[in-house]
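S.K.: Below are the sequence and a predicted model for it; my questions follow.
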Amino acid sequence: MNNQYELYKLLEPVFKVKKRINDYYSKDTSDKEMWKILSLKWKNSHDLCLYDIVNDILLFDGSGLDEKK
């Protein structure tokens, strides 16, 4: 994987699942907002695996959104 865009495109199905979950619980968080916050976390991670990234997306609760806006 050469860049963040390719990673984002690879993860797009996961973001769609998370959007369905958020819609069900009436949460309004876009995939772009999640990407901004989580990519900062991943940038500082070591030995990051795809399952870690998917897990972070699915468990994302919106914390960090207020300070990033």
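M.R.: Structure's in. What do you need? Predicted model, so just to flag it, every value in this text is computed and none were measured.
S.K.: now for the lengthiest helix in the chain, which elements pack on it?
M.R.: Longest helix of the chain, by residue count under DSSP state H: helix 4-24. If contacts are counted by 3 or more Cβ pairs under 8 Å, 6 or more residues apart in numbering; DSSP states H and E, helix 4-24 sits against helix 31-43, helix 50-59. Bear in mind the C-beta positions are built from the backbone N, C-alpha and C, glycine included.
S.K.: pLDDT averaged over the last one - what is it?
M.R.: Averaging pLDDT along helix 50-59 gives 94.
S.K.: Pull the residues that contact it.
M.R.: Outside helix 50-59, the residues that touch it by Cβ atoms under 8 Å, 6 or more residues apart in numbering are 11, 14-15, 17-18, 21, 34, 38, 41-42, 45.
S.K.: what residue ranges in the protein score low on pLDDT?
M.R.: 1-2, 64-69 (pLDDT under 70).
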